[in-house]
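Student: Got a sequence here, can you build the structure:
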Amino acid sequence: MVATPERRTSLFSWPLAAAVLVVFGVFTLRMMAYTDGHRAAPLDDTYIHLQYARQIARGDYFRYQPGDPPTTGATSWLYIHLLALPALFRIDGQNLLTAAAVMNLVFLYLCLYYLRRLATDLFGREAGIATVVLCLSSGAFLWGAFSQMEIALFSFLIVLCAWYTHLFLKGQGSLARVMLGATLLCLARPEGAVLSLLLAGLLAIQITCLRGEKHRIAPNSIRLRLLLLPLAAYVFQVALNWLLTGETASAGLLAKSEFYRPSFTWTAAVAASIHHFGHILMYLLGLSPERFRYLPPGMLLLFLAGLAPGFSRARLRGFLGSVKPWLLGGTLFAVASIATLFSYDGNNWRYFMPLFPLLFLGGVGGALKLGQYFPRRARRISLGLIVLLIASNASQWGNWMNTFGRDCGTHYKKQMQLARWIRNNLPEDARIAVNDAGILPYFSRRNCFDLIGLTTRGTTLPYRTGYGSLAEYLERLAPEERFDYYCVFPKWFPSFQALGLFGERLVRINDPYTKRRHTKAVFRACWDWAGSGDESKLAQAWPDWRIQDRLDVADLESEAAHGYQSLPGATQQKPYDLQARMIYHAWGKDWLDWNVLDGGRVHEGGERFVLRDLQPGHPARLVMRTGNPGADSNSYTAAVEIAIAGIPRGTWQLDPQPYRWSEVKIDLPGEWVTASQMKFQIRRVESSEPSRYTSFHYWILQPDLSEPNTSHSS
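Tutor: Alright, predicted model coming up:
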């Protein structure tokens, strides 16, 4: 079939432009009421995009700060490159934020413009108007669109792809234009890759398999090659991530995905994702704990009703040859991909906001379809449902307007003020550890170390594992890589504060809109604890024995080097928090001068690891550091069975006293040491009483063969 050209229409609509400007003006005025007339964004992540854009414009491609190695903390490749365009003209600071606001205002207008045309073509003129009004009455959607994140861009590209696909399947557009939009969509967000690849797959089926004069399109090779453009864009991003960082996934996915957990198992990741998906379905139904603050009640049902095919063969065929399979399947697949994130509901459920235009489009279609079941009152019923949807949105509009202003005020009166204090009071060469990597580096112009790992390499997985693992990672930093200060929420790092990693507090700032636990403070960083847990205290009594190898539990690098695995028990225990300030109990007495800080794990099952660099045929001693950080003397009393190379070799009785470190040993005869490495398995012995044990460190020692008079006695 020869494609007929799309009828040209003006890209500008005065009523729509005026409506977009009015709602933007109202939200902006509310923002300034909370920020004392200053510009700000409601999310710290907004400034991560601005920082990357500024660095790209300066020639430091994906280097978050001058001299840093490349990182991929911005999840939208396309958006940061668009922001880099005004940055090329030396637009910086608050002015770059203003440029982002203008850019997103244009994207919002274009999103609504094409949404109205798509809804009109699918369901009629009234549907086009109603869908736009639903978007403009949704305070949640406007919060996202005005956040200066990539939400407005992503929404626009989703709607644009739907519109181009609709025209192409009608024979009024080109496949090249569809695939160009899909390629940009793939570069806009990780969920965009899911949407664009699904679109290419569905179009391949529609082009090659559908029959009928209206939908038959010759499957020539050029068109089929165009369908590979989204896949090429996806491969490009994966390859770029690998070239820049050695990881195929972006830092955002490493920090948030259930499938990148430190102790990853497919079953646990899938189970968590399914649990998230169930919660999300309630959210899409407007039945989340927040009631209908985000979406009107029943929105998902109306969406499905509006896009689902009819039962007749003709309607099913019409459905398969339209854009509706992608609108329906793409939304559900995008939701499923978001469900793989443990932070799927973070920042006011912002990951779902780009899907709101499609939800409203399908919802309006569903209202119109339901009305058709009552022929005499179809118009009244459909109009009544649409009015109820708009009223539900509008009832929350003021709440969202205040939320937007308050969120902006929070960041301006806390984060920006801290950035200003740092810039005025700390040395220019100071390095500062932060847990929010957006505003502080952007405005303070100081080198920042991201404890969360979005913009600093290496900290993502240790942070996700636990504070103990994060401290173990920091302990490994070379002296020249260590930072001088912390600027964090102290409540986020309770053990760091309690155990003295935070030194003198220099300043503390909170904003008037959040609770005291969200106070942020600047501390000097202390490093005198580093290395305090490396040595075995028990081994000090054996001067003729030498440590051949050691495993530092909860240190992810040490665990990886020793093939460490945590074996499941009745429940999957999380790694332990950082432990210190416990008394060291050895040789029947407490050693108050042994101040050890160490991270570890708690076990109901057990653990498996390999120790190396052994001298075969010579006796060895395996030493374990355990501990009881609580007050109950029975909490960590357990018997553990030791197996070497799969052969049971004995039992340890672990009985650390409350608030005490404890070290225990087992002697390994020379005939057990058959190779330079030994595979150990430590497993808790099942008992009638519930028990668990902790492990913090393992050492394996052998006689020092360089000493001729070495004693092998215990």
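Student: Could you count how many residues lie near Gly458?
Tutor: Counted with other C-beta atoms under 10 Å, the neighbours of Gly458 add up to 18. Glycine gets a C-beta too; all of them are placed from N, C-alpha and C.
Student: wait, isn't it in contact with Tyr473?
Tutor: Yes - using C-beta atoms under 8 Å, Gly458 is in contact with Tyr473, at 6.6 Å.
Student: Asp655 against Thr637, yeah?
Tutor: Yes - with contact defined as C-beta under 8 Å, Asp655 and Thr637 form a contacting pair (4.9 Å).
Student: Buried residues in the longest helix seen in the chain, which are they?
Tutor: For the chain, the helix with the greatest residue count under DSSP state H is helix 93-123. Neighbour counts over helix 93-123 (16 or more other C-beta atoms under 10 Å) mark 96-97, 99-101, 103-105, 107-123 as buried.
Student: Which other helices and strands does that helix contact?
Tutor: With contacts taken as 3 or more C-beta pairs under 8 Å, 6 or more residues apart in numbering; DSSP states H and E, helix 93-123 sits against helix 14-35, helix 45-58, helix 77-88, helix 125-137, helix 139-145, helix 151-169, helix 356-371.
Student: Next, the angle helix 356-371 makes with it.
Tutor: If you take axes from the mean of the first three to the mean of the last three C-alpha atoms, to 10 degrees, helix 93-123 sits at 20 degrees to helix 356-371.
Student: quick one: Thr403 and Lys413, what's the gap?
Tutor: Taking C-beta to C-beta, to the nearest Å as the measure, Thr403 falls 16 Å from Lys413.
Student: Doesn't Arg625 lie inside a helix?
Tutor: No - using DSSP: H, G, I helix; E, B strand; the rest coil, the secondary structure at Arg625 is strand, not a helix.
Student: That one is in contact with Arg660, isn't it?
Tutor: No - assessed by C-beta under 8 Å, Arg625 is found out of contact with Arg660, at 11.2 Å.
Student: Between those two, tell me which one has more neighbours.
Tutor: More crowded of Arg625 and Arg660, by other C-beta under 10 Å: Arg625, with 25 against 18.
Student: ok, the more buried one - contacts?
Tutor: Shown in contact with Arg625 (C-beta atoms under 8 Å, 6 or more residues apart in numbering): 533, 536, 598, 600, 661-663, 695-698.
Student: and if we set it to 7 Å?
Tutor: 598, 661, 663, 696-697 (C-beta atoms under 7 Å, 6 or more residues apart in numbering).
Student: Now list the buried members of those.
Tutor: Among the contacts of Arg625, those buried by neighbour count (16+ other C-beta under 10 Å) are 598, 661, 663, 696-697.
Student: domain assignment for this structure?
Tutor: 416-525, 538-703 (automatic domain parsing).
Student: and the gap between the spatially most central residue of the chain and Phe154?
Tutor: Among the residues of the chain, the one closest to the centroid is Lys256, at 2.5 Å (C-alpha atoms, centre = their mean). From Lys256 across to Phe154, the span is 17 Å (C-beta to C-beta).
Student: Kindly report the same for Ser250.
Tutor: As for Ser250, its distance to Phe154 is 15 Å (criterion: C-beta to C-beta).
Student: Could you do Gly93 as well?
Tutor: 25 Å.
Student: Equivalent analysis for Arg350, please.
Tutor: 11 Å.
Student: If you count surrounding residues, which of those two has more?
Tutor: Phe154 (27 against 19).
Student: Could you find the closest non-adjacent residue to that one?
Tutor: Among residues not flanking Phe154 along the chain, Pro354 sits closest, at 4.1 Å (C-beta to C-beta, 6 or more residues apart in numbering).
Student: Wait, a helix at that neighbour?
Tutor: Yes - secondary structure of Pro354 (three-state DSSP): part of a helix.
Student: That one against Ser155, yeah?
Tutor: Yes - applying C-beta atoms under 7 Å, one finds Pro354 in contact with Ser155, separated by 4.4 Å.
Student: Show the pLDDT at Pro708.
Tutor: pLDDT, Pro708: 56.
Student: quick one: low-confidence parts of the stretch 251-400 of the chain?
Tutor: Residue ranges of the stretch 251-400 of the chain with pLDDT under 70: 263-264, 288-292.
Student: make it 90
Tutor: 260-269, 286-293, 309-318, 320-321, 371-379 (pLDDT under 90).
Student: ranges for the helices of it?
Tutor: In the stretch 251-400 of the chain, the segments counted as helices under DSSP state H, counting those that start in this stretch are 251-256, 266-284, 299-307, 313-320, 324-338, 346-349, 356-371, 378-395, 397-410.
Student: Which of those helices sits closest to Asp552?
Tutor: Shortest distance between Asp552 and the helices of the stretch 251-400 of the chain, using C-beta to C-beta, is found for helix 251-256: 22.1 Å.
Student: hmm, who's touching the closest one?
Tutor: Contacts for helix 251-256 (C-beta under 7 Å, 6+ apart): 71-73, 75, 190, 247, 260, 341-343, 452-454, 460-461, 464.
Student: quick one: Leu418 and Ser444, what's the gap?
Tutor: Leu418 is 8 Å from Ser444, by C-beta to C-beta.
Student: which residues do those two both contact?
Tutor: In contact with both Leu418 and Ser444: no residue, using C-beta under 7 Å, 6+ apart.
Student: Once you drop chain neighbours, what's closest to Phe374?
Tutor: Phe374 sits nearest to Ile381 (C-beta to C-beta, 6+ apart), 5.4 Å away.
Student: contacting residues around the one you found?
Tutor: 370-371, 374.
Student: likewise Phe24?
Tutor: Applying C-beta under 7 Å, 6+ apart, the residues near Phe24 are 105, 146.
Student: change it to 6 Å
Tutor: Taking C-beta atoms under 6 Å, 6 or more residues apart in numbering, we find Phe24 in contact with Leu105.
Student: List of residues touching stretch 677-693?
Tutor: 602-604, 606-612, 636, 638-645, 654.
Student: Ok, stretch 85-93 next?
Tutor: 53-54, 57, 96, 99.
Student: What strand or helix carries Val522?
Tutor: strand 520-525 (DSSP states H and E).
Student: pLDDT weak spots in the stretch 401-550 of the chain?
Tutor: 464-468, 492, 494-500, 514-518, 529, 532, 537-538, 540-541.
Student: Helices of that one, start to end?
Tutor: Ranges of helices within the stretch 401-550 of the chain are 417-425, 439-444, 460-465, 467-476, 494-498, based on DSSP H, counting those that start in this stretch.
Student: chain center to the first one, what's the gap?
Tutor: How far helix 417-425 lies from its chain's middle: 28 Å, per C-alpha atoms, centre = their mean, to the nearest Å.
Student: Could I get the buried residue list for that helix?
Tutor: Neighbour counts over helix 417-425 (16+ other C-beta under 10 Å) mark 417-419, 421-422 as buried.
Student: Need the max-distance pair from those.
Tutor: Gln417 and Ile422, at 9.8 Å, using C-beta to C-beta across the buried residues of helix 417-425.
Student: quick revisit: which residues are in contact with the residue nearest to Phe154?
Tutor: With C-beta under 6 Å, 6+ apart, Pro354 has these contacts: 151, 154-155.
Student: Now the buried members of the contacts of helix 251-256.
Tutor: Buried among the contacts of helix 251-256 (16+ other C-beta under 10 Å): 71-73, 75, 190, 247, 260, 341-342, 452-454, 460-461, 464.
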